[in-house]
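Enquirer: Here is a sequence with its predicted model. Questions after.
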Amino acid sequence: MQWCWCLFTFFHRSLPQNSTMPWKFPTVQSMIGHAIVCLLVFEHAYFLMQQGSHDWKETLRVAVNKYKSSDTWTAISTAVKAAFQQHGNNGADLCEMILRVIEENRISM
């Protein structure tokens, strides 16, 4: 939980919630959504490696394709938006919601 609070604090204090950033992520919400997707894809790749996959490039490709073939992004995007609407600047509550979103959208399950 502490790592989540640290990441949230860094991003939230560094940038206004709806600010435009000079790179790919237009808002903190979308940055968090993409970070969740990255965590889920890497977790699934790790799961596949534990099942006996040995080529990490192919394993990562399989994990990405599994994610792309699901409707996970819609669920994550909706949940992150709802979390920000419900909890605003309350970092502890947002972290709880973010962890819940990660748990509910695991690819490995």
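Expert: Thanks, I have the structure now.

Enquirer: where's residue 56 relative to residue 72, distance?
Expert: 22 Å (CB to CB, to the nearest Å). Heads up, the C-betas are built off the backbone N, CA and C, glycines and all.

Enquirer: Quick one: the helices in the chain, in order.
Expert: Assigned by DSSP state H, the chain shows helices spanning 2-14, 28-50, 56-68, 72-87, 91-104.

Enquirer: dump the residue contacts of the nearest residue to residue 77 once chain neighbours are set aside.
Expert: Using CB to CB, 6 or more residues apart in numbering and skipping residues adjacent in sequence, the residue nearest residue 77 is residue 33, 5.3 Å away. Residue 33 sits next to 73, 76-77, 80 when contact means CB atoms under 8 Å, 6 or more residues apart in numbering.

Enquirer: okay, and for this protein, where does confidence drop off?
Expert: For the chain, residues meeting the criterion pLDDT under 70 lie at 1-25, 89, 108-109.
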